[in-house]
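[1] build me a structure from this.
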Amino acid sequence: MAVRAWLQWFAALVPALAGLSAHASTVSLADWESCSSIPADAARLACYDRVAGRAHAAAQPTAELPATPSAAEPQPPLLSALSRHWELDDAAKRGAFLFRPHRPNYFLPAKYSNRPNSTPFQGSLVQPDLGLDNIEAELQLSFKIKAMEGVFGHDDVDLWFGYTATSYWQAYNDRISAPFRETNYEPEAMLVVRTDHEIGGFRWRFVNFGLLHQSNGRSAALSRSWNRAYVQFGLERGNLAVLLRPWVRLPESDGTDDNPDIEDYLGHGDLQLTYRDGRNAYSLLLRNNFQSDNHGAMKLNWSFPLYGRLRGYVQYFNGYGESLIDYNHRQQSFGLGVSLTEGM
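    Numbering: from 1, shown residues only. I've put the predicted structure just below:
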């Protein structure tokens, strides 16, 4: 009888394990991470149970453990990448004055360029070649802070501030003492308005009104800077996110403009596509000036799991304006490194 009971138990267990395995193969890391942002304990547990394929049964009232109202609450939806990044759903909100990732945070210890910009000078200044190496390192640090929820008394409007610094380091160039050849600084303010509309099979999640300053903090002929006002539209469909951002350059006086022709190379907007496949994330950034003397750029990124929160990071760039000092210089580059956080 004992053998028969064990066989019956095993026969019932096999289909259950098979079903659990099939469910797990369809669950991505993003599904698990979306649950971690839910503040309420009961709702967060219900989300984990849902991702794991377990029914979240309501607690049965007993004399020792009375039923709680949270047991009957509806299960929260799984959060998308756009929702987690901009806190577009109530379950994603984490309050104000917390540091969050903005753009990707990464370190590329090895990055190869086919045409380093060794003479990035303007005007009548004549200086010798800088003697740059083809291989250098690149570092980007980027964060944002929500300064206010419910701006103007509207629950769907939030105010954010962001900051990004990207440094290009001639780390292996002993001939010129391995300097940081260029660092770009980008503070910005963003008013994010949550939306919920269907457009061509995509869900339109937000529109972002932003002000962005970008400069390299240098002087004389090496100084580069500009200011922009932009509108960014965020849409998603499944694991695909689409970010369309047209911008207008804010005018500067002729005497103080470091780069009056920068729009001829960096254009009037960009388009970013981001796709997540399990624990892999891919992004494509496109930019073009849409003029007869065509100047554009393309950047491809791929991040993948390495160990814990550490992720591998691969970057390919082709075109103009990889950095501000190179806004009118065309090159191709390929870098390998690691990232700690993804961004948009």
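
[2] name the single longest strand found in the chain.
    strand 180-199 (DSSP state E).

[3] centre of the chain to that one, how far?
    10 Å (C-alpha atoms, centre = their mean, to the nearest Å).

[4] next SSE downstream of that strand?
    Using DSSP states H and E, the helix or strand that follows strand 180-199 in sequence is strand 202-215.

[5] CA-only coordinates of that next one in CSV, if you can.
    The C-alpha coordinates for strand 202-215 follow below in CSV (Å, rounded to 0.1, in the frame of the first residue of the first chain):
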residue,chain,number,x,y,z
PHE,A,202,0.8,50.5,-29.4
ARG,A,203,-0.1,51.8,-26.0
TRP,A,204,0.9,55.5,-25.6
ARG,A,205,2.1,55.7,-22.0
PHE,A,206,3.5,59.3,-21.5
VAL,A,207,4.5,62.6,-23.0
ASN,A,208,7.6,64.2,-21.6
PHE,A,209,8.3,68.0,-21.8
GLY,A,210,11.9,68.6,-21.1
LEU,A,211,14.7,71.2,-21.0
LEU,A,212,18.2,70.0,-21.5
HIS,A,213,21.6,71.6,-21.3
GLN,A,214,24.7,69.8,-22.7
SER,A,215,28.3,71.1,-22.5
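
[6] all the strands of the stretch 201-344 of the chain, in order from the start?
    With DSSP state E, counting those that start in this stretch as the criterion, the stretch 201-344 of the chain has strands at 202-215, 225-237, 240-249, 269-277, 280-288, 296-307, 310-320, 330-341.

[7] ok, residues contacting the longest one?
    Think strand 202-215. 80, 82-83, 86, 88, 184-198, 223-237, 242, 245, 247, 324 (C-beta atoms under 8 Å, 6 or more residues apart in numbering). All C-beta atoms are positioned from the backbone trio N, CA, C, and that covers glycine.

[8] what about Arg194, neighbour count?
    When neighbours are defined as other C-beta atoms under 10 Å, Arg194 has 18 of them.

[9] that one is in contact with Asp156, isn't it?
    Yes. Under the criterion of C-beta atoms under 8 Å, Arg194 makes contact with Asp156 at 4.2 Å.

[10] where's the closest residue to Gly296 other than its chain neighbours relative to Asn227, distance?
    Nearest residue to Gly296, sequence neighbours excluded (C-beta to C-beta, 6 or more residues apart in numbering): Asn288, at 3.9 Å. Shown here: Asn288 relative to Asn227, a distance of 21 Å by C-beta to C-beta, to the nearest Å.

[11] now do Asp293
    Taking C-beta to C-beta, one finds Asp293 at 24 Å from Asn227.

[12] before we move on, what about Leu250?
    4 Å.

[13] do the same with Asp258
    For Asp258 relative to Asn227 (C-beta to C-beta), the value is 11 Å.

[14] with Asn216 instead?
    The spacing between Asn216 and Asn227, counted by C-beta to C-beta, is 14 Å.

[15] compare these two (neighbour count), which wins?
    Using other C-beta under 10 Å, the more surrounded residue of Asn216 and Asn227 is Asn216, with 19 against 15.

[16] surely the more buried one touches Phe180?
    No. In this structure, Asn216 is not within contact of Phe180 by C-beta under 8 Å, at 10.6 Å.

[17] list the buried residues of the longest strand of the chain.
    Judged by neighbour count (16 or more other C-beta atoms under 10 Å), strand 180-199 contains these buried residues: Arg181, Glu182, Thr183, Asn184, Tyr185, Glu186, Glu188, Met190, Leu191, Val192, Arg194.

[18] enumerate every residue touching the fourth one.
    Read that as Asn184. Residues in contact with Asn184 (C-beta under 8 Å, 6+ apart) are Thr164, Ala165, Thr166, Gln214, Ser215, Asn216, Ser323, Leu324.

[19] what is the burial count for Leu266?
    Leu266: 27 neighbours (other C-beta under 10 Å).

[20] hmm, back to that, of the contacts of Asn184, which is the nearest to Glu342?
    Thr164 (13.9 Å; C-beta to C-beta).

[21] bridged to the nearest residue in space to Gln140 that is not next to it in sequence, which residues?
    Sequence neighbours aside, Thr166 is the residue nearest to Gln140 in space, at 4.6 Å (criterion: C-beta to C-beta, 6+ apart). Per DSSP bridges, the residues bridged to Thr166 are Gln140, Asn184.

[22] check Leu108 too.
    On the basis of DSSP bridges, Leu108 is bridged to Glu138.

[23] equivalent analysis for Tyr313, please.
    Ser303, Gly337.

[24] now it: how far from Phe233?
    Distance from Tyr313 to Phe233, counting by C-beta to C-beta: 26 Å.

[25] next: Gly312.
    30 Å.

[26] can you check Asn227 too?
    Applying C-beta to C-beta to Asn227 and Phe233 gives a distance of 21 Å.

[27] next: Asp155.
    Going from Asp155 to Phe233 by C-beta to C-beta gives 20 Å.

[28] what do you get for Gln122?
    Computed with C-beta to C-beta, the distance linking Gln122 and Phe233 is 35 Å.
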